[in-house]
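In: what would the 3D arrangement of this be:
(2 chains)
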Amino acid sequence: MRWTACELHAHTLHSDGKMTLLELASAAAKLGFECVALTDHNTMSGLADKEAAERQAGIAILPGMEWTTFHGHMVTVGLAEYVDWREANTGNIHDGVSAVHARGGVAGLAHPFRIGSPACTGCYWEYEMEDWNDFDYIEAWSGTFAPIKTDNARAFSLWTDKLNEGYRLAATSGRDWHDAAETEEPISVTYLRLEDESRPIGEEAAEALRRGRVSVTIGPLVTLEAQTPAASYRIGDVIPVGERTVTARIGIDFSVRQGLWTLADPACRIRLSSNKGVLEESAVQATEGTQEARITVQTEGLSWMRAELWGIVRGVTTMIAFTNAIYFD
Amino acid sequence: MLIDIRANATPEDSRTHVRFPFKLDEPACAVGIHFEYSPKCLDDDSRARELLEQSFEKYVLPEQLALAKERLDRHLPLKNLITLSVDDPAGYRGACHRHDPVQSLWISEHDASPGLMKGKIAAGEWTITLSVHAVVTERCAYRLQVWAADEVEKGEQP
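Out: So this is what the prediction gives:
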């Protein structure tokens, strides 16, 4: 089991990006990513260079494609072959998702609240949704310094609303990376928990997204576990009915990607959120190592809980990191 | 020349695909494609602002509307966008989703323009699909030319 730093949304010159795949993979490796998904618009032709780029950059490349349709952009990762995007209309997106699933891929909403046509046709999600459980994830954070952007706040709220409605879907970050220019802005990382490293990483990453084994951050890696005397549950797991109290263990690992992010202020707050609101909040100080907070949770009425890290970044009080949910049956 | 058409797209064509099938009677070494459209940008500033304000009503939360209007300029100039994808007799050969209004493309057994997939150029029914994402000008003139070629002709326009 290992948390792997991933960039899940990136383009090359095979669509409208400015980088070759090798340039993309090298830039991602330099930023401390262990894998990057190639999600070019409506083509997978860039993957022809995958093995060579992986070897030279020393990083895994996940196969993907962004369905760049007129009514929404849908990121797909892990699929073994192309799935046609041109038949999509506002009423049949679930057919497209089924086809992606049938080829081993996962599907998520890309930047669902970015301004749509005519500024960016399809950037705003306009599909009729029959069952949110059909989708694997929502890209809650898009672009750089993602947590302070209003479109992302709206996407994050959408995700929370769907969790409250009882859906179990993941939230990710995706830079929607198009060029090699360096930025001073904080970069989001989607950590995926890979359970079986003997399997191909593309399959494992898709499985992690499918199961919601996901933690997102612009700094330290935040993890969440729930323990009962009998068992231990991790992010993405479902705690069975009958567990009346659990101990939530929130880990904050400040040692990840050292030197590649900074918090100007060491004062942070860790928060355990749920469908019943904030269960507990406490102060932590950023350190070099790992900190842990233990919280006793009464499970009655809970359908999900997640951990969040808040603090001051570039003078703004903002969410720094969030885990995906642990669910309750 | 397998296809040589000049046509116009209008705002009503936005969010539609236009398909241009053609037949290759025998296998070829390569297929060349030249596609261009014009104008790229909407120069009428007040019309652009009007279109954006209409879209904000649809896409921006009421409480964010004032801020969006303040930052309207970052969406200017508004642009036409038409992209191209290719199907051969066996299926998809890729797409060139980019903003360039002039694209000279090449697809052969041994190489292909970025976005397209190299491989045999088989006889049968091929299709070029133009995906009209947005037309913001009153009309947008486009030209699509497709021809079968030998490898040595690479890069040459008709």
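
In: going by C-alpha atoms from here, please, whenever you check contacts or count neighbours.
Out: OK.

In: so which residue is dead centre in chain B?
Out: Nearest to the geometric centre of chain B sits residue B:83, at 2.2 Å (Cα atoms, centre = their mean).

In: doesn't it lie inside a strand?
Out: Yes: membership of residue B:83 in a strand is supported by DSSP: H, G, I helix; E, B strand; the rest coil.

In: give me the beta-bridge partners of it?
Out: When bridges are called by DSSP bridges, residue B:83 pairs up with residue B:131.

In: for it, give its distance to residue B:32.
Out: Look at residue B:83 and residue B:32: by Cα to Cα, to the nearest Å, they are 16 Å apart.

In: show me where the chain has its helices.
Out: Chain wasn't specified; assuming chain A. Remark: helices assigned in chain A by DSSP state H are A:21-30, A:50-57, A:93-102, A:150-164, A:201-211.

In: oops, I was thinking of chain B
Out: Applying DSSP H to chain B gives helices spanning B:45-59, B:65-70.

In: just name the most buried of those helices.
Out: Highest mean neighbour count of those: helix B:45-59, a mean of 16 (counted as mean count of other Cα atoms under 10 Å in any protein chain shown).

In: using PDB, write down the CA coordinates of it.
Out: The C-alpha trace of helix B:45-59 is given here as PDB (Å, rounded to 0.1, in the frame of the first residue of the first chain):
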ATOM      1  CA  ASP B  45     -16.000  44.500 -29.000                       C
ATOM      2  CA  SER B  46     -19.500  45.500 -28.000                       C
ATOM      3  CA  ARG B  47     -21.000  42.300 -29.600                       C
ATOM      4  CA  ALA B  48     -18.400  40.200 -27.700                       C
ATOM      5  CA  ARG B  49     -19.300  41.800 -24.400                       C
ATOM      6  CA  GLU B  50     -23.000  41.300 -25.100                       C
ATOM      7  CA  LEU B  51     -22.400  37.600 -25.800                       C
ATOM      8  CA  LEU B  52     -20.300  37.100 -22.700                       C
ATOM      9  CA  GLU B  53     -22.900  38.900 -20.500                       C
ATOM     10  CA  GLN B  54     -25.600  36.600 -21.900                       C
ATOM     11  CA  SER B  55     -23.400  33.500 -21.000                       C
ATOM     12  CA  PHE B  56     -22.700  34.800 -17.500                       C
ATOM     13  CA  GLU B  57     -26.400  34.900 -16.800                       C
ATOM     14  CA  LYS B  58     -26.400  31.200 -17.600                       C
ATOM     15  CA  TYR B  59     -23.100  30.100 -16.100                       C
END
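
In: get me the contact residues on chain B for chain A.
Out: Within chain B, the residues that sit near chain A (Cα under 8 Å from any Cα of the partner chain) are B:15, B:17, B:51-52, B:55-56, B:59-60, B:75, B:78-79, B:92, B:94-99, B:114-117, B:133-136.

In: which of those residues count as buried?
Out: When the residues of chain B next to chain A are checked for burial by 16 or more other Cα atoms under 10 Å in any protein chain shown, the buried set is B:15, B:17, B:51-52, B:55-56, B:59-60, B:78-79, B:92, B:94-98, B:114-117, B:133-136.

In: so where is the stretch 151-300 of chain A shaky, pLDDT-wise?
Out: Along the stretch 151-300 of chain A, no part satisfies pLDDT under 70.

In: quick one: the helix or strand of chain B with the lowest mean pLDDT to chain centroid distance?
Out: Lowest on mean pLDDT, DSSP states H and E among the helices and strands of chain B sits helix B:65-70, with a mean of 94. Computed by Cα atoms, centre = their mean, to the nearest Å, the chain-centroid distance of helix B:65-70 equals 31 Å.

In: and that helix, what other elements does it pack with?
Out: If contacts are counted by 3 or more Cα pairs under 8 Å, 6 or more residues apart in numbering or on different chains; DSSP states H and E, helix B:65-70 sits against helix B:45-59.

In: gap between the most far-flung residue of chain B relative to its centre and chain A?
Out: In chain B, residue B:63 marks the outermost C-alpha relative to the chain mean, sitting 35.7 Å out by Cα atoms, centre = their mean. The spacing between residue B:63 and chain A, counted by Cα to the nearest Cα, to the nearest Å, is 11 Å.

In: pLDDT score for that residue?
Out: The score at residue B:63 is 94. That number is its pLDDT.

In: how about it, what does it touch?
Out: Taking Cα atoms under 8 Å, 6 or more residues apart in numbering or on different chains, we find residue B:63 in contact with no residue.

In: just residue A:67 next, same as before
Out: For residue A:67, the contact set (Cα under 8 Å, 6+ apart) comprises A:41, A:42, A:73, A:74, A:75, A:76, A:85.

In: so how far is residue A:124 from the closest residue to it other than its chain neighbours?
Out: With Cα to Cα, 6 or more residues apart in numbering or on different chains as the criterion, residue A:67 has its nearest non-adjacent residue at 4.9 Å, and that residue is residue A:74. Separation of residue A:74 from residue A:124 (Cα to Cα): 10 Å.
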